[in-house]
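[1] Pasting a predicted model and its sequence here:
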Amino acid sequence: MELPEIFLALGRENFDQLLAGVSIGKLKTYQLYERVKLRFHLTKLNSESLRKAAPRLWARVEERDVEFATDIAQTVLVSHLDMIKAVLDFRGIPHEDGFFAKDINAAANLGEGWQQATFEKFRGVFPEPVLLFYINHLNLELTKAETIFHPATVAAS
């Protein structure tokens, strides 16, 4: 599995919500603003321009452009470092402000059912599309997962 498949599995509506949650301030803080503006072919980078560019960005994801999907993922994730830190702390994965070493072996921290447990813990705390994206992104990065996590739904009584 590759990164574009995560976006595609979550669907266009969730993709739009991921873009809506992008923090322009965080992009500037982490010196990603100009890179994102350039990569997304935007003359101005703000919430409105991202919203208007969503169909074009989605089309690039549908082409399964891994490098482009990586840029979108980085843009989304840097905007939600508070969630990333909370999830990594909950899973007991060592990190520095949400960033961990690429060669980390954290498989032991991701026991059976970890995705559902993590989803249940943070559902309602963070936006669901971002949480689902991060759980799948973390799974891909740390375990090279071949399947997409979709949360189990609890039937209403």
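    That came in fine, so what should we check first?
[2] What segments of this structure are helices?
    For the chain, the helices defined by DSSP state H cover 3-10, 12-20, 24-29, 33-39, 47-62, 66-78, 81-91, 114-122, 128-143.
[3] low-confidence ranges in the chain?
    153-157 (pLDDT under 70).
[4] Of all the helices of the chain, which one is nearest A152?
    Nearest of these to A152, taken as CB to CB: helix 114-122 at 5.9 Å. C-betas here are computed from N, CA, C, even on glycine.
[5] Residues touching the closest one, excluding its own?
    M83, A86, V87, F90, R91, L131, L132, I135, N139, F149, P151, A152 (CB atoms under 8 Å, 6 or more residues apart in numbering).
[6] Quickly note the distance from the last one to V61.
    Note on A152: its distance to V61, by CB to CB, to the nearest Å, is 26 Å.
[7] again, but for the third one
    Note on V87: its distance to V61, by CB to CB, is 23 Å.
[8] Ok, the fifth one next?
    Separation of R91 from V61 (CB to CB): 27 Å.
[9] Done for today, thanks.
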